[in-house]
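**Q** 3D model of this:
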Amino acid sequence: MKSFSGKLAAGIASLHLATVLVGIGASANALTPGSFVPTGSMTTGRAAHTATRVHGGKVLVVGGYGRQGGDLPLASAELYDPSTGTFSATGSMTATRAGHTATLLLGCKVLVAGGEPGGAGVPTLATAELYVPSTPCEDDGE
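**A** Numbering: from 1, shown residues only. Now for the predicted structure:
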């Protein structure tokens, strides 16, 4: 059984996720609890990617499988801005990855590790990459 603080933390996490999914640019009248409203589309269709909340409430979407060229892993990344409801391209990784992990670090950096590079007989990646935001962020106290 969850404690009150555990339930509160889960509720706050759900609220943050709803804010990311809906975006601040959506009409306040359209925000019905437990529902989805449209927002902008990604610059590239993806599956098996990661989405990590970073500075300013933005969401970094990294890698995954793309439909261009036969479901191959992607190296590209994009940022979702909930204040405008739009996605924009950001720096690409040095390796294509799908099914990887992405972990937020201090300084709004994101560690992207492992995953599948694609291609028959190609082993799972043991490498990692670091996303460094183009602008400083609030918790950049390293």
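
**Q** pretty sure Tyr131 sits against Val62.
**A** Yes - Tyr131 lies in contact with Val62 (CB atoms under 8 Å); the separation is 7.2 Å. (C-beta placed from N, C-alpha, C; glycine too.)

**Q** give me the common contacts of those two.
**A** Counting by CB atoms under 8 Å, 6 or more residues apart in numbering, the shared contacts of Tyr131 and Val62 are Ala77, Ala102, Val110, Val112.

**Q** which one of the residues you listed is nearest to Gly91?
**A** Proximity of the shared contacts of Tyr131 and Val62 to Gly91 (CB to CB) peaks at Ala77, which lies at 6.4 Å.

**Q** so the closest one touches Val61, yeah?
**A** Yes - using CB under 8 Å, Ala77 is in contact with Val61, at 6.5 Å.

**Q** so which of the shared contacts of Tyr131 and Val62 belong to strands?
**A** In this view, these that belong to strands under DSSP state E are Ala77, Ala102, Val110, Val112.
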